[in-house]
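**Q** Next input, structure requested:
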Amino acid sequence: MHQQKRFAALLAQAVLLVCTGASALPALAQATNYQAAIDNPARTADDRKDDAKRKPAAFLAFAKVTPGMKALDLVTGGGATASLLAAAVGDKGQVWAQSHKASPKLEQRLAAHPQPNLHAVVTPMDKPVPAGAAPLDLVTMNMNYHDLVNAGVDRDAMNKHVYEALKPGGYYVIIDNAAKDGSGLSATKELHRIDEAAVVAEVTKAGFSLDGKGDYLHVASDPRTQPFFKMGGQPDDKFALRFVKK
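**A** Numbers count the residues shown, from 1 in each chain. Predicted structure coming up:
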């Protein structure tokens, strides 16, 4: 019964994406694959604790993840997103978890829960695609684009490298903490937020087309005036953007 309820919730999330125009409803087999990825034993207790706020089923549907994909997760941190992607793309797929320096948390994750198709890589942010990874089907970045602004990363170079590494029809998915509309890059340091339009402007400059927006992490009640870690546990507003290389 519990499994049936979780599967029903997965389908409901996919339907929500359809209603918002963000993505097409996955086939039953694909929905089953997403649930299997979420249930994969390689995912940690902390991963599962964060599922309520990160909504992994909706993320996988929005990113249009399919078995066999080659994917790159940028600024992977502890590897939660990369591990989920590796489970979803399956044995015939490959995922690279990128950091600009070695990530002890990622190393601990892979030591405790090895995933043969998940590869930790260290590359500079302005040239983030590891040798031998391209051509890619998908590149993701989860709640880190604003930090790249603060770090002074050459995002034009980074986005161009991502564009060149993707196959035609490949996707670049960026999720981040939403700043007030029209604020540009002004909220990245103090509030750890970024204006959605500023991200769109930078990424499309590299040649991408905006393919979809997801509101599955949208929180209308968030005034977007505080960092997410100072909101007393209340959910913060986030945006999801899917770009495509045509």
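
**Q** What residues sit buried inside the strand ranked longest in the chain?
**A** Longest strand in the chain, counting residues (DSSP state E): strand 166-177. By neighbour count, with 16 or more other C-beta atoms under 10 Å as the criterion, the buried positions of strand 166-177 are L166, G170, Y171, Y172, V173, I174, I175, D176, N177. For the C-beta atoms, the positions are set from N, CA and C on the backbone; glycine is no exception.

**Q** Please give the centre-to-centre distance between the helix or strand just after that strand and its chain.
**A** Downstream of strand 166-177, the first helix or strand assigned by DSSP states H and E is helix 196-205. How far helix 196-205 lies from its chain's middle: 16 Å, per C-alpha atoms, centre = their mean, to the nearest Å.

**Q** With stretch 153-171 instead?
**A** Shown here is stretch 153-171, whose average C-alpha point lies 15 Å from the average C-alpha point of the whole chain (C-alpha atoms, centre = their mean).

**Q** Mean confidence (pLDDT) on it, please.
**A** Rounded to a whole number, the mean pLDDT of stretch 153-171 is 98.

**Q** Give me the contacts around it.
**A** Stretch 153-171 is touched from outside by 63-64, 72, 74, 125-129, 133-139, 145, 148-149, 172, 202-203, 205-208, 211, 242-246, with contacts defined as C-beta atoms under 8 Å, 6 or more residues apart in numbering.

**Q** now the helices: where do they sit in this structure?
**A** Under the criterion DSSP state H, the chain carries helices at the ranges 2-19, 28-38, 45-54, 56-62, 80-89, 104-112, 145-150, 155-165, 196-205.
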